[in-house]
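[1] no sequence on hand, only this structure:
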């Protein structure tokens, strides 16, 4: 009997302690973030996305597999017209339906929106599959993220009751630490897209319609200029790592000098920057509010 009472007492203590720990964990996350969840078809996620975009004061970054919703396209153009920096990356899968995506791409370009296409189909046609750019997120300024399973399409966002729609989920987070992770992922993706363009022109003599439209006049010459600028950017980052950043300095100084970097190829510099940033991220501690 005493053993049973002892076990019951221990079990009760464990339950109370676990309940308290869960409460403290929830309070920690809540204090660091405002998190809202939405579901399609139950919620008007398209309206939530419009509201999210409208809160931007300086910048909107969008990485989205498919964007075919005219209301969202119009909103991004309006934001740009009102002085908000807008950058968009999509996957080439948008161009399976050739006419419409090229029309909205030209609208973005005509209105000064920075726009990139991840060339997944072109590499597949060259028997070099690279997978898809399957992200579905937007970042507002430096402190808010809209992400989930929904593409920016009418079925994904449930524009009106009665529309055909998917089952989707969306999370909106107002948290600067989380937003910085998404911003870093966006910048790395931009760099990867440019590298893919460079690889493409080294292997192909023709250009798809979307690339002709994206670069308007001469895709090859424009991409070569991008390559030159990207190469110099990589080398400048490596020089700065050696000269100014103690942590990255240690990762470089054992093997490379400034003279080595000056003579380094674009591909080598790009890979080296990537390895250094991977190592820096690996060494970084996890955010305290999300520790288990």
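    Sure thing, it's come through. From a predicted model like this one, the values you see are computed outputs, not experimental measurements.
[2] need the contact list for residue 189.
    Residue 189 makes contact with 63, 89, 118, 133, 135, according to CB atoms under 8 Å, 6 or more residues apart in numbering. In short, each C-beta sits where N, CA and C put it, glycine included.
[3] quick one, helices of the stretch 151-292 of the chain?
    154-157, 176-203, 209-215, 219-243, 246-253, 258-262, 266-283 (DSSP state H, counting those that start in this stretch).
[4] hey, least reliable of those helices by pLDDT?
    Among the helices of the stretch 151-292 of the chain, helix 246-253 has the lowest mean pLDDT, at a mean of 55.
[5] any idea which element residue 116 lies in?
    strand 114-118 (DSSP states H and E).
[6] buried sites along that strand?
    115-118 (16 or more other CB atoms under 10 Å).
[7] what angle do that strand and helix 176-203 make?
    60 degrees (axes from the mean of the first three to the mean of the last three CA atoms, to 10 degrees).
[8] and strand 114-118, what does it pack onto?
    On a contact count with 3 or more CB pairs under 8 Å, 6 or more residues apart in numbering; DSSP states H and E, strand 114-118 meets strand 85-91, helix 99-110, helix 176-203, helix 209-215.
[9] identify the neighbouring strands of it in the sheet and state each direction.
    strand 85-91 (parallel) (DSSP bridges).
[10] what average pLDDT does the strand it pairs with get?
    94.
[11] what does it contact?
    58-67, 76, 79-80, 101, 108, 113-118, 120, 132-135, 186, 189-190, 193.
[12] stretch 93-106 now?
    Taking CB under 8 Å, 6+ apart as the rule, stretch 93-106 contacts 65-68, 70, 73, 90, 115, 117, 120-121, 132, 208-210, 213-214.
[13] quick one: residue 50 from residue 153, how far?
    Separation of residue 50 from residue 153 (CB to CB, to the nearest Å) stands at 15 Å.
[14] more crowded one of these two?
    Each of residue 50 and residue 153 has its neighbours counted (other CB atoms under 10 Å); residue 153 has more, 19 against 15.
[15] which residues touch residue 52?
    138, 140, 144, 146, 172.
[16] so which of these belong to helices?
    Using DSSP state H, the subset of the contacts of residue 52 located in helices is empty.
[17] mind listing which of these are in strands?
    138, 140, 144, 146, 172 (DSSP state E).
[18] in ChimeraX, select just the buried ones from the contacts of stretch 93-106.
    The following ChimeraX line selects those of the contacts of stretch 93-106 that are buried, judged by 16+ other CB under 10 Å:
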select :65,66,67,68,73,90,115,117,120,121,208,210,213,214
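[19] I'm done for today, thanks for sticking with me.
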